[in-house]
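S.K.: no sequence on hand, only this structure:
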């Protein structure tokens, strides 16, 4: 999704924006926020529970044969649904949203964003498998910028990623976040760059 050159370009965008604000921007891309290994078994079990009923009502098959068919359906379906695109597609939307939000909150703490002076840190979190993004902001910037502004940035980001422009979308989002930070928190000569400007890449939790 992101080449080495894209990664460098995004990190350059972060550095450029942080040069015009006392705030901090951290960008994290996760392959997924969870592996959801239970999902194929859950769907396979549901289908396998239904399989015997038509066979019992409309055939004269022995119970032992029906049981073997039921086990076979469960095993085959569980194996087939482990294919990652299918597995992620079968996760309910509410579960995907919850897991992405949890992972974003974990990264907000893990990346020390809460330690910035004036609480001006912003996390841009992208979870690729769930096709979701979140922006989490610390208390200082939360008081200045309404949530609707961050949602607009996320909507534009995900729309552009959906059109196959992930690197350009992320750079644009970084510049938009930087614009809000620069408006409310101008550069401070005494400010230290507490957080590294590199792009953080993660595997599933």
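M.R.: Yep, that arrived. Note that the structure is predicted; figures quoted are calculated from it, not measured.
S.K.: for the helix or strand hosting residue 109, give the mean pLDDT please.
M.R.: Residue 109 belongs to helix 93-110 when assigned by DSSP states H and E. The pLDDT scores in helix 93-110 average 96.
S.K.: in the protein, what residue sits furthest out from the centroid?
M.R.: residue 60 (49.9 Å; C-alpha atoms, centre = their mean).
S.K.: need the phi and psi values for residue 27.
M.R.: Backbone dihedrals for residue 27, given as degrees, to the nearest 10, come out at phi -120, psi 130.
S.K.: hmm, back to that, could you measure the residue farthest from the centre of the chain against residue 39, distance?
M.R.: 35 Å (C-beta to C-beta, to the nearest Å). Every residue, glycine included, has its C-beta placed from N, CA and C.
S.K.: ok, residue 2 next?
M.R.: Distance from residue 2 to residue 39, by C-beta to C-beta: 26 Å.
S.K.: next up, the contacts around the residue positioned nearest the centre of the chain.
M.R.: The residue lying closest to the centre of the chain (C-alpha atoms, centre = their mean) is residue 127, at 2.0 Å. Remark: with contacts taken as C-beta atoms under 8 Å, 6 or more residues apart in numbering, residue 127 is in contact with 30, 32, 33, 99, 100, 103, 104, 133.
S.K.: distance check, the residue lying closest to the first one once chain neighbours are set aside against residue 33.
M.R.: This means residue 30. Distance criterion C-beta to C-beta, 6 or more residues apart in numbering; nearest residue to residue 30, sequence neighbours excluded, is residue 202 at 4.2 Å. According to C-beta to C-beta, residue 202 and residue 33 sit 9 Å apart.
S.K.: cool, thanks, talk later.
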